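*Asks:* Let's see this in three dimensions:
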Amino acid sequence: MGNLNYTYYYIMKKYVKDLTVAAVEFPHELYVLLKLTDAEPLPATVPGQFVEVKVEGSPQTFLRRPISINFVDREKNQLWLLIKKVGEGTHKLATLKVGDKLSLVFPLGNGFSPVLKQGEKVLLVGGGVGVAPMLDYGKYLKDNGAQPVFLLGARSKSDLLEQELFKSIAPVYVTTEDGSEGEKGFVTQHSLLNAEKFDRISVCGPKPMMVSVARYAKATQTPCEVSLENMMACGLGACLCCVEKTVRGNVCVCKEGPVFDINDLTWNV
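*Replies:* Below you'll find the predicted structure:
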């Protein structure tokens, strides 16, 4: 199983911008969707990249917070952030109103692979808030001649996010732990994995889920890449808090990733 091709990446200019909140939505009681815009056209981004946001008015949130880019709507000049309310910082972000400003450093990191061949079938697996970058990536794949298929996992039906948006792009398959939507169980137990063959797989979500998918990919000799969710305080490879052990030694996830080929990681799969 060969490594995926990352040669299309180049050194992208980083921006520090105060974007304007154009819309605030609450798709779930634990999540907020911020749609941000700017007076100028938004910079180029790659699906799978992330931003570092500054949380104002939160005394305990000294460092910027890393947030995956959920979607970039070029027609409306909007960048979407799907944020799970976990700590003080993310709860503070959920209080933003239309017209407020949010300081971002972006685009950061290396994203998912480009389309490698026309018509290739790519399985996009997301769990929890890990579904966020899959929306932008799926749209990119479809627009550039690939055939994305989504496999999304959640605890229950109420925890599934942005389903209609995913369905507008490509076929969607679902697992829920309680069986309230789709097939009962985990994503690696879905019948789709036995019924169809994919050219490659991209994954984002809780580490145990990603390890399970990586194990499946190894067993079926399917190229696979995963988006790691290590804590990334600076986003530039300076603070060293996001270090991950790889076959090339320790690397900073924020700079070398967050997307890695599973062959580059030292996971026991």
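*Asks:* For the rest of this, base every contact and every neighbour count on C-alpha atoms.
*Replies:* Noted.
*Asks:* Next secondary structure after the host helix or strand of residue 126?
*Replies:* Assigned by DSSP states H and E, residue 126 falls within strand 121-127. The first helix or strand that comes after strand 121-127 along the chain, using DSSP H and E, is helix 132-143.
*Asks:* Pull out the buried residues from that next one.
*Replies:* 132, 133, 134, 135, 136, 137, 138, 139, 140, 141, 142 (16 or more other C-alpha atoms under 10 Å).
*Asks:* is it true that the second one touches residue 68?
*Replies:* Which is residue 133. Yes: contact status for residue 133 versus residue 68: in contact at 6.1 Å, counting by C-alpha atoms under 8 Å.
*Asks:* Poorly predicted segments of this structure, please.
*Replies:* Applying pLDDT under 70 to the chain flags residues 1-11, 58-61.
*Asks:* What segments of the stretch 1-150 of the chain are helices?
*Replies:* 88-93, 132-143 (DSSP state H, counting those that start in this stretch).
*Asks:* Check which helices and strands the last one is in contact with.
*Replies:* Of the remaining helices and strands, those touching helix 132-143 by 3 or more C-alpha pairs under 8 Å, 6 or more residues apart in numbering; DSSP states H and E are strand 71-73, strand 121-127, strand 147-154.
*Asks:* Direction-wise, compare it with strand 147-154 and give the angle.
*Replies:* Angle, helix 132-143 to strand 147-154, by axes from the mean of the first three to the mean of the last three C-alpha atoms, to 10 degrees: 160 degrees.
*Asks:* Would you indicate which residues of the top strand by length along the chain are buried?
*Replies:* Longest strand in the chain by number of residues (criterion: DSSP state E): strand 15-28. Buried residues in strand 15-28, counted by 16+ other C-alpha under 10 Å: 18, 19, 20, 21, 22, 23, 24.
*Asks:* Name every sheet partner of it and say whether each one runs parallel or antiparallel.
*Replies:* If you go by DSSP bridges, strand 15-28 pairs up with strand 31-37 (antiparallel), strand 101-108 (antiparallel).
*Asks:* okay, the ones you listed, which one's buried deepest?
*Replies:* strand 31-37 (a mean of 23; mean count of other C-alpha atoms under 10 Å).
*Asks:* Give me the secondary structure label for residue 209.
*Replies:* For residue 209, the assignment made with DSSP: H, G, I helix; E, B strand; the rest coil gives helix.
*Asks:* if I look at it, how far off is residue 144?
*Replies:* Look at residue 209 and residue 144: by C-alpha to C-alpha, to the nearest Å, they are 28 Å apart.
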